[in-house]
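Participant: This is the structure alone, sequence omitted:
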């Protein structure tokens, strides 16, 4: 899984002894059991491989990826072409890694509020069903309670596209996206540098949506 916010993925083990691979982030102070330490040293072999990086048999049980299920819940609906690449890439990644992916795409809803309620229900359902990890777009604060429910169950959660600040506040594993307000500011600065011009317009294609409002 990805390192937490603010961690640079420089190598599998950086100068401070922080491992950036495997099923979580560990330091030498974080070893919970001898088994975890052994698995860290042997890079968590994936079945059918049962060897460590040095080629010797590992004392760490191999991970059967066919038994891993990752869930995804995002606000991108079937009519939003922006999300085509996200869904295609997620499906390809799951196929490449040999894991199970539960990632349904919602049909357009009568209102954003209804979409967010459906997202919350899906998040709760996935976590109650025992997924091994979850990625979400935090498009609205109304889905945060569902995310907290997953965290209480010990399920790793990361965010994508929307919810940078919320992800940081919830201490999620990682956020794939951008600081929306800063991105909009820097875009304005770039436009300003292309003078001369008399007027500039900022068009919000999705007014009322927190990410585009911030941007």
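Facilitator: Right, received. Where do you want to start? On a predicted model such as this, the values are computed, not experimentally measured, just so you know.

Participant: which parts of stretch 172-187 are buried?
Facilitator: By 16 or more other C-beta atoms under 10 Å, the buried positions in stretch 172-187 come out as 172-175, 177, 180, 184. C-beta: built from backbone N, CA, C; applies to glycine.

Participant: Which ones among these map onto helices?
Facilitator: Residues of these located in helices (DSSP state H): 180, 184.

Participant: of all the buried residues of stretch 172-187, which comes closest to residue 81?
Facilitator: Among the buried residues of stretch 172-187, residue 177 lies closest to residue 81 (C-beta to C-beta), at 18.2 Å.

Participant: What does that closest one show for phi and psi?
Facilitator: phi 170, psi -150 (degrees, to the nearest 10).

Participant: Check the offset of the strand or helix carrying residue 88 from the chain's centre.
Facilitator: Under the criterion of DSSP states H and E, residue 88 resides in helix 84-97. Counting by C-alpha atoms, centre = their mean, to the nearest Å, helix 84-97 is centred 13 Å from the centre of its parent chain.

Participant: Residues touching it, excluding its own?
Facilitator: 65, 70, 72, 74, 76, 100-101, 103, 105, 160-161 (C-beta atoms under 8 Å, 6 or more residues apart in numbering).

Participant: Please indicate which of those are buried?
Facilitator: Here, 16+ other C-beta under 10 Å leaves 70, 72, 74, 76, 101, 103, 160-161 buried among the contacts of helix 84-97.

Participant: With secondary structure as added columns, please give those in JSON lines.
Facilitator: Shown next, in JSON lines, are the buried ones among the contacts of helix 84-97 (DSSP: H, G, I helix; E, B strand; the rest coil):
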{"residue": "70", "secondary structure": "strand"}
{"residue": "72", "secondary structure": "strand"}
{"residue": "74", "secondary structure": "coil"}
{"residue": "76", "secondary structure": "coil"}
{"residue": "101", "secondary structure": "strand"}
{"residue": "103", "secondary structure": "coil"}
{"residue": "160", "secondary structure": "strand"}
{"residue": "161", "secondary structure": "coil"}
